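Colleague: Got a sequence here, can you build the structure:
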Amino acid sequence: MPRSDATPYVPDTNSLRALRQAAQGCRGCPLHEPAIQVVFGEGPRKAALMLVGEMPGDREDRAGAVFVGPAGRELDRALEQAGISRSDAYITNAVKHFKFHERGKRRIHDTPKKSEVDACFPWLAAELRLVRPRVLVILGATAGKALLGSSFRLTASRGREIESDLAPYVTATIHPAAVLRAPDDAGREAERRAFASDLAAVAKRFS
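Modeller: The predicted structure follows:
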């Protein structure tokens, strides 16, 4: 069986629009089969800030847009509290197709395998090459491992500057879905405050 790899589908281009259009035809790993569509990154070509999450969820797969579901609302809230305009940031995911299993009529998120993350990485590498952000924020462990390798640990890196050639300033925080997984209202509010605080610290790096 050939190794999953999106490289043959990634065009040599300096256009984000051309990159996004080409991604719609990607068959670089098996995740394209059950998903509705590719969900590519969105934002300005020269955004100072780039945020990278794990992969699209059910709402994103249906809409074809990044971070528009419940986790997206948490991200929007935190960005607003941090004084960051979402329209100024480039937002994307390490994996461009939604991976899930069905439970009745619901599609339940499954964490992508390393092989699936690796297969999709050429798209993320191309986005980084074109956007060239001054500040790169990693949202969660899956994105961290995709960008920095299997030794990445969110607990050790959260809120700190990470030495990397990916951008002049690289840091990590939780994926906004972690807010939703908190066990109760008090836990969710605590996660929201900490998440917004992490992003407020990031805002000072490019304001």
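
Colleague: rest of the way, CA atoms for contacts and neighbours
Modeller: Will do.

Colleague: ok, Asp204 - contacts?
Modeller: Heads up, residue 204 is Lys, not Asp. With contact set as C-alpha atoms under 8 Å, 6 or more residues apart in numbering, Lys204 has no partners.

Colleague: Does Gly140 touch Ile174 like I think?
Modeller: Yes - counting by C-alpha atoms under 8 Å, Gly140 touches Ile174, with 4.6 Å between them.

Colleague: Name the residues contacting each of these two.
Modeller: Shared contacts of Gly140 and Ile174, counting by C-alpha under 8 Å, 6+ apart, come down to Leu154.

Colleague: Enumerate every residue touching the residue nearest to the spatial centre of the chain.
Modeller: With distances taken as C-alpha atoms, centre = their mean, the residue of the chain nearest its centroid is Gly53 (2.1 Å). Gly53 is in contact with Ile91, Thr92, Asn93, Ala94, Ile138, Leu139, Gly140, Thr142, Ala143, His175, counting by C-alpha under 8 Å, 6+ apart.

Colleague: Which one (most neighbours) among the residues you listed?
Modeller: Ala94 (31 neighbours; other C-alpha atoms under 10 Å).

Colleague: What's the separation between it and Ser157?
Modeller: Using C-alpha to C-alpha, to the nearest Å, Ala94 is found at 18 Å from Ser157.

Colleague: now Leu124
Modeller: Taken as C-alpha to C-alpha, the span from Leu124 to Ser157 is 21 Å.

Colleague: Tell me which of these two has more neighbours.
Modeller: Neighbour count, other C-alpha under 10 Å: between Leu124 and Ser157, Leu124 has more, with 21 against 16.

Colleague: Next, the buried residues of the host helix or strand of that one.
Modeller: In this assignment (DSSP states H and E), Leu124 forms part of helix 114-131. For helix 114-131, the neighbour count (16 or more other C-alpha atoms under 10 Å) marks 116-124, 126-128, 130-131 as buried.

Colleague: In the protein, where is pLDDT below threshold?
Modeller: When residues are selected by pLDDT under 70, those of the chain lie in 1-2, 207.

Colleague: can you give me the helices for it?
Modeller: 16-23, 58-63, 70-82, 114-131, 141-148, 154-157, 177-180, 185-203 (DSSP state H).

Colleague: Go through these and pick out the most buried.
Modeller: helix 141-148 (a mean of 22; mean count of other C-alpha atoms under 10 Å).

Colleague: mind listing what Leu166 touches?
Modeller: Contacts of Leu166 by C-alpha under 8 Å, 6+ apart are Leu128, Leu136.

Colleague: same thing but at 10 Å, please
Modeller: Contact analysis of Leu166 by C-alpha atoms under 10 Å, 6 or more residues apart in numbering lists Ala125, Leu128, Arg129, Arg132, Pro133, Arg134, Val135, Leu136, Leu147, Leu148.
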